[in-house]
Structure formats: structure tokens, C-alpha cells
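Asks: Here's my sequence, what's the structure:
(2 chains, ligands or ions: 2)
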Amino acid sequence: MTTRRFWVFIEQEEGKVHPVSWELLGVARMLASQVAAEAAAAGDVVAVEGVLLGDNVAHIAQEALYYGADRVYLFDDPVFAYYRNCPYYQTLATVSRKYSPEVFLIGATTLGRDLAGAVATSLHTGLTADCTGLEMGEVKGSVQRLLLATRPAFGGNIMATILCRSERPQMSSVRPRVFPMPERNPNAQGEIVREEVEATEESAMACVLEFIHSKGESVNIEYADVIVSGGRGLGTPDGLKLLQELADELGGVVGASRPLIDSGWISYAHQVGQSGRTVRPKLYIAAGISGALQHKVGMQNSDFIIAINSDPKAPIFDVADVGIVGDLYQVIPELLKQIRALKEATA
Amino acid sequence: MFHALVAVKQVPDTTNIRIDPDTGNLVREGVPAIMNPYDAHALAEAVRWKRQLGGKVTVVSMGPPSFISTLREAVELGADRGVLLTDRKFAGADTLATSYVLAETIKAIHEQDPIHLVFFGKQAIDGDTAQVGPGVAVRMGLPIVTYAVKIREVNLEEGRAVIERKTERWTEVVETSLPVLLTCEKEIAEIPFAPLPDLIRSLRYDPEMWTLEGPCPFALDQIGVKGSPTIVYKMGTPPLPQPGEKINARETGVEEAVKFALDKAAKAGIVQVILGGAR
Ligand SMILES: Cc1cc2nc3c(=O)[nH]c(=O)nc-3n(C[C@H](O)[C@H](O)[C@H](O)COP(=O)(O)OP(=O)(O)OC[C@H]3O[C@@H](n4cnc5c(N)ncnc54)[C@H](O)[C@@H]3O)c2cc1C
Ligand SMILES: Cc1cc2nc3c(=O)[nH]c(=O)nc-3n(C[C@H](O)[C@H](O)[C@H](O)COP(=O)(O)OP(=O)(O)OC[C@H]3O[C@@H](n4cnc5c(N)ncnc54)[C@H](O)[C@@H]3O)c2cc1C
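Replies: Numbering: from 1, shown residues only, chains lettered A, B, ... in the order given. Ligands and ions are numbered 1, 2, ... in the order given. Sure, this is the predicted structure:
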């Protein structure tokens, strides 16, 4: 009997978990269930497990159990007080050699991307970047199901499905918000395994002299419930004020297509799309955005999409649940008016 | 003497790439090949430090002979030496095999002529993985600074550098030992106009061609398709989503159109989202 382990790297900084970690636990659970029958027939066990590094982060390990981990390997030590490539990748490679996971998922955040390539190289295994689709599928010539990882390439113009036949673990990095957040179950049971820390300060090879927090607003559009996004159709930077008004009314934030960032109308933190953020709010309003592929890949997983565009042929309408053909400078004020009226009526 | 190495890749200009609607294949014809933009900015920064400290800049690239034009462009931008790793057996490499070939090559160059800074782009705009830089750092046992936006200080005597990197959450000021490997954002440096002598030199410049024959030895089972654990299983265009309903405000009037949209939203169960917002 062997244990087929589906691993997730639990990313945290300053004791705060990156929610992509929970999304990945959900994915790992889904993948594990896809091999459940096959494993049962072979007398194997399937497990979803997290790996967590940090300083004083046992509470996060507990939280990981609530989000679906059967077991969490915990490395709790001051050397992991903040992220550094060397001690992190060496620790992950070592623990991976110890337990031989079948699949290893890491969030495609700036931290995760820095880390994943180093771990995969150290383990001499395959790594698929920025996956948007994951599945354990049957592949000719393989007894067990393999991880089929689908990812965009060539600036989003094509989708490639990639697999790793013989090396283990099969590794993938996955963007935040591509997969849904699983339910948190505070009654879930599981095991926390404290691992011995071998990394030392000397092995880190680098030290951070200073953390500079950017001044000004810090938006987190990735996890906003409502996003009101504008594109070149706004015509002038002043148009953003109107979008902000609507966003405020809806308790949401303002997003943007890339040209607005390129022309300095709004900061990069607001950019939605291939080279910006992937979002999946409950409501996404796209105003004056044509709907280029690189924009769509960043927002098409939103629960509900309203598109406003003066061109009836604009490709944004292809992903919208409802499209309004019209001038945004007429439509948005009317939206504001009707939403306010709705609120009055239900107050 | 200061020595920087820059890894440059030639890429199709993805802004011009499209899919043939009939065949579903990638149309590469007429798509210009360019130096990966992040690599061009990394090179600009390497050259800036060369001009400040004296010394030289070497560029390496792995790819078919058509990559020579990109190495010439690198010379135009101020590189002194170009090495092209080219051999049919290198083809089909994934990032693990690519990082092997680049790491072995950089090690060989480092032995001839010690390197202080190893520059990579943040990512290549075609493969888009951002995995090669970290892979090479691990193989060479070098410290790595990804998402580098600024080199504050390079101290050759003390063998250390101070570099700023930008993450999702903050900017980190990192001190590392030399040599160090950086993967660079475009902000690292502006691309300057090429001085005339560099331009002239680049026109006739022939990079060194390194193959499996030498001068650097490569293990056959680590390169190309053989050395690549991942394989592309299939390729396709992104799936077409189901379009929703559309209403033309010019025909119905704006009020009607907005009402229609909010109705749809209500039916989809997101009324609470709309009403829940701050007043
Ligand atoms: C590698 C790569 C990465 C990229 N990454 C991103 C990314 O992350 N995010 C991103 O957004 N883009 C990205 N792009 C750019 C993308 O290809 C498009 O160029 C961009 O999304 C277009 O922005 P837009 O829709 O605002 O502008 P346009 O395409 O110019 O569209 C403007 C739209 O506004 C409409 N309009 C005009 N006036 C009005 C009005 N008064 N009322 C209503 N509608 C009006 C027009 O009909 C038009 O459809 C990327 C491109 C590449 C090559
Ligand atoms: C559709 C498609 C999908 C792919 N998906 C994956 C995948 O998920 N995982 C995987 O392992 N491989 C994948 N590959 C293979 C991968 O593109 C190649 O290994 C490529 O050689 C390097 O990866 P990259 O382009 O992503 O480079 P990146 O890692 O994004 O490049 C970062 C930097 O490394 C340097 N660099 C990269 N390549 C070279 C080079 N040839 N010469 C010199 N310097 C270089 C440059 O400085 C560059 O800026 C894929 C290939 C295709 C066609």
C-alpha cells in the first residue's frame, strides 16, 4: 500500500496566508478524488497535504486543515520569518524527497514563481507554469492517471496541455483566482506534523535590508467582490471618477485595461488581464473595454459580467452575461440612478 | 575586471501573433522576431554598469542560427562578446533542459573570465514561464534576486551588491554576495540609443557558435527533448465562452437597457451584491 500524496505549498507572509493556498487545497482535493477509484482498486491511499514554512505559524497549519488538508508538514523557525529563495527551496526539496509527493502545486504569485522553478530544478522534475486547468487524466502508456496541466502561452493566444511522464512530483504553478475558494469546515480533522528545520541563516545567501511599502492606496483587486473596470473607451482620465463613483456605490474597486496603465491614468495594481491580475469577482462591469484576449483571460471567470460598449461587435460581449450597446457616459449615470433607486426601495 | 553576463532569447513579437481561424494553427509568417523585451532592458542595465565600472558584457543565447541577429542586436546595445548555443540536439528543451545548457555554459565562461552579475529577463514573452532564471541559479548555486527593478550598488572589492526587487506586496532592498543572478523587470533600465561604433561593430559581428562538439561538454541525457521531463501533450485555442444577452441602448433607450441588465443580474442572484454596497 502506498500513499499518493497531493501537495500544496501554503504561502504566507507576516503570518498572513495568501488565499491562493486555500484555492489550491480545493484543487488538490479535486485531483485526489479523480484518482480515488484507481487508488482503491490498487489498494493505495490518497491524501491531500500542505507544506507550511514560517515563524510562529502553527495557527495557519490548523487553518489549512479546515480548508481540506488531511495533513500539514510544518517548518516553524525564525529563519523563515520572511521569504528568501534559498532556505525555502532547499527545505521544500528536502521534504519532498522525504515523502515523495505525486503532485505539488504552488501559487503563481511573485513569491511562488520565485520558488517553484528553484524547487523543480533541485528535484529535477517538470514544472508547468501559470496553469488555468488541472486534471488527473488517463494517458496512453501510463498505468496511473497523470496530471494534465493546461496553460496559456504566446501571450494567451494558445492553450497548451502539458504533462510530466516519469519524473516526480508533477509540479504546477497556478494563478490566484483561477480556481474557486473551497468551503472552510471548522470541524475538519487532520494532523499537523512538525518537521525539523535544517536551514540556517548562513545558508540564506541574501538578506533583506529593508521593506519599502508603497505609499498611496493599496488595492487588492484580486479578491474584490465587485470590480468596475474601464478601458480606452473612457477617452479621458476623468472618466475614472465616474467609475469610482459606481464602484463606491457597489462597495467595489476600480479595475482597468492595460492601455490606461500604459498612459499613466491609473497604477498597475488596477490592471486586469494576462500581464496584470486575474480576478473573479461576483460582479464585473467592463466599460469602454473592447475585450482583447489578454483582457478576457483575466476576468472571464467572474460570476456575472456586464459589458458596456458603443460597438455592438466588440468581443467583450462574447464573455458578458449581459451586454449594453451604448455610450458609457450615458449608461453609467443611469446605472447609478437605478441602483440608488433600488436601494431606496429595499431600505 | 567587472564582467556581466546576460542571457537573451529571441522571441516572436507576440503583439503580432494570431491564430489562423481555419486551421487553428499559430501564424508565424510575417511575425517579426525580436529580442525578448525584458532581456533588452536587462542588457541595458549590464551595459550601464560596464560603462561605470569598466569591464565587459557577455551575452549567451540558446537557439537556432537565426538567433544570430539577436546577438548582433545585443552587440549594438553594448555587449562585447556573444555566444550562441546551437545544435539540433538542444531543440525541444523545456525549462529544466534549458537551464541545464545555460548553466553549464555560464559556468564555463565564468572559469575563463569570472562573472559578477548574471542577468536574466523576468520572463520570455513566448514561453512565459519565468522558470529558467531560478533554474540556472539553483544549478550554479548562486543567490537569486527575481523581479529586480534597480541595482543600487555593486561592490567588487567586498563582493556584494544591493538590489531592489518588487513583489506584489512591497519593494525589498536585498543585499547579496557576488556573483548573483537577477531576473529583471523592464524598469531596471531604459534602453539607450546605440553609439555609432557599437552599431557599426554589430553589423559584422559573428558570435561564437558553441555546439555539442565543444568547447563546453554537455551530458546528452540532460539536453533537448531527452532532458525535458515535460512534454506538450496538446495545443489549441482558448475555448469560446457562451455569449450572454445583448441589448442596444440606442434602440431601446438607456433607461430600458439598464433596467434589462439589472433584471438579468437579479435573476442570476446577484442582487445582494448590488444592494450590499456602501451607500
Ligand atoms: C503580451 C500582452 C499582454 C497584454 N496584457 C494585457 C492585460 O493584462 N490587460 C489588458 O487589458 N490588456 C492587455 N494587453 C493589451 C490588449 O491586447 C489590448 O490592447 C487592450 O486590452 C485594449 O484595451 P481597451 O479595451 O481598453 O482598448 P481598445 O481596444 O481601444 O477598446 C476601447 C473600446 O471602447 C469602446 N468605446 C469607445 N468609446 C466608448 C464610449 N463612449 N462608450 C462605450 N464604449 C466606448 C470602443 O468601442 C472599444 O471597443 C496585452 C497585450 C499583449 C500583447
Ligand atoms: C506552448 C508552450 C508551453 C510551454 N510550457 C512550458 C512549461 O509549462 N514548463 C516548461 O518547463 N517548459 C515549457 N515550455 C518550454 C519553454 O518555453 C522552453 O523551455 C523555453 O526554452 C524556456 O522557457 P521560457 O520561454 O518560458 O523562458 P522564461 O523562463 O520565461 O525566460 C526567462 C529568461 O530566461 C532567459 N532565457 C530563456 N530561454 C533562453 C534561451 N533559449 N537562451 C538564452 N536565454 C534564455 C532569458 O533571459 C529570459 O528572459 C513551453 C513551450 C511552449 C511552446
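Asks: Tell me how far the closest residue to A:S310 other than its chain neighbours lies from ligand 1.
Replies: Computed as Cβ to Cβ, 6 or more residues apart in numbering or on different chains, the closest residue to A:S310 that is not its neighbour in sequence is A:D327, at 5.5 Å. To be clear about C-beta, it is placed using only N, CA and C from the backbone, and glycine gets the same treatment. According to Cβ to the nearest ligand atom, to the nearest Å, A:D327 stands 4 Å off from ligand 1.
Asks: For A:E334, grab phi and psi.
Replies: Reported as degrees, to the nearest 10, the phi and psi values for A:E334 are phi -70, psi -40.
Asks: neighbours around the closest residue to A:N185 other than its chain neighbours, how many?
Replies: What sits nearest to A:N185 in space, not counting adjacent residues and going by Cβ to Cβ, 6+ apart, is A:Y66, at 5.7 Å. Burial measure for A:Y66: 18 neighbouring residues, criterion other Cβ atoms under 10 Å in any protein chain shown.
Asks: mind checking how far A:Y66 is from chain B?
Replies: In this structure, A:Y66 lies at 24 Å from chain B, with Cβ to the nearest Cβ, to the nearest Å as the measure.
Asks: in the stretch 1-150 of chain B, what spans have low per-residue confidence?
Replies: Where the stretch 1-150 of chain B drops to pLDDT under 70, the residues are B:14-29.
Asks: per-residue confidence at the closest residue to B:D128 other than its chain neighbours?
Replies: The shortest distance from B:D128 to any non-neighbouring residue, by Cβ to Cβ, 6+ apart, is to A:A153 (5.7 Å). With respect to pLDDT, A:A153 has a value of 77.
Asks: got the domain boundaries for chain B?
Replies: For chain B, the domain assignment from automatic domain parsing gives the residue ranges B:3-222, B:239-279.
Asks: got the residues of chain B near ligand 2?
Replies: Within chain B, the positions adjacent to ligand 2 are B:7-9, B:36, B:38-39, B:61-63, B:93-95, B:98, B:102, B:120-121, B:123-124, B:126-133, B:230, B:232 by Cβ under 6 Å from any ligand atom.
Asks: and these, which are buried?
Replies: For the residues of chain B next to ligand 2, burial is judged from neighbour counts taken by 16 or more other Cβ atoms under 10 Å in any protein chain shown, and it is met by B:7-9, B:36, B:38-39, B:61-63, B:93-95, B:98, B:102, B:120-121, B:123-124, B:126-133, B:230.
Asks: Mind checking which of the residues you listed are in strands?
Replies: Secondary structure defined by DSSP state E assigns B:7, B:61-62, B:120-121, B:230 of these to strands.
Asks: before we move on, the earlier item: need the contact list for the residue nearest to A:N185.
Replies: Residues near A:Y66 by Cβ atoms under 8 Å, 6 or more residues apart in numbering or on different chains: A:184-186, A:188.
Asks: how many neighbours does the spatially closest residue to B:V173 that is not a sequence neighbour have?
Replies: Once flanking residues are discounted, B:V173 sits nearest to A:E210: 4.2 Å by Cβ to Cβ, 6+ apart. In terms of burial, A:E210 registers 12 neighbours under the definition other Cβ under 10 Å.
Asks: Looks like A:E210 contacts B:E175 (just checking).
Replies: No. No contact is recorded between A:E210 and B:E175 when judged using Cβ atoms under 8 Å, the distance being 9.6 Å.
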